[in-house]
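Asks: Structure of the sequence below:
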Amino acid sequence: MGKKTLIYVLFLTIFINIGFAMSEKKQSIEVKPSKNQNVEVKETVNIPGLIFKTDKQVYSKAEQVCFTLENQSQAEYILPSSAPYAIFNKEKPEVAIYSPVSAQVITPLKPKEVKKWCWDQKDIEGKEVSSGDYFVRLTIFDKSGKVNFLKADFTIKLK
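Replies: From the prediction side, this is the model:
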């Protein structure tokens, strides 16, 4: 990886996380592109060889929601932190209901590598979320430094 690409990725990681840290006391994180951006932040892509999915489509209340990222390609990708994901309610997709506090360590995702995370169905204030349709969005960079967002849908239902 070139020095310029690494610096660019590090800058983006710091910039994104400063924005999260400076959100209101209620910790609602608004995801909106700045006036100078041409790409909407919530745009997601499918990248050949990368599989991002939840373990199940439907979860019971209070059950751990787990999701995995598998790199079946020959390319290496970069994760901007140890937990580069956010949870959104489909009814209000512009506001993340949860984004973990994590180590800001640039983490390579090597070919054939698998990463797994779990969420406890609590919002950023620690309150249990209601039943409904949700999605998890993961941030990942390719080797050129281009940011991509991967998405996996799931539902939380009462038993």
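
Asks: now Lys53, nearest residue through space, not along the chain?
Replies: Spatial nearest neighbour of Lys53, chain neighbours left out: Ala152 (5.1 Å); criterion: C-beta to C-beta, 6 or more residues apart in numbering. No exception for glycine: its C-beta is placed from N, CA and C like everyone else's.

Asks: I'd assumed Cys66 was in contact with the one you found.
Replies: No - between Ala152 and Cys66 there is no contact under C-beta atoms under 8 Å: 10.5 Å.

Asks: Can you give me the first-to-last residue distance of stretch 128-144?
Replies: Using C-alpha to C-alpha, to the nearest Å, one end of stretch 128-144 lies 39 Å from the other.

Asks: that older thread, per-residue confidence at the residue nearest to Lys53?
Replies: pLDDT recorded at Ala152 is 96.

Asks: Any figure for the gap between the closest residue to Lys122 other than its chain neighbours and Cys118?
Replies: Leaving aside its sequence neighbours, Lys122 sits nearest to Glu128 (C-beta to C-beta, 6+ apart; 5.8 Å). Remark: distance between Glu128 and Cys118 (C-beta to C-beta, to the nearest Å) = 15 Å.

Asks: Alright, calling it a day.
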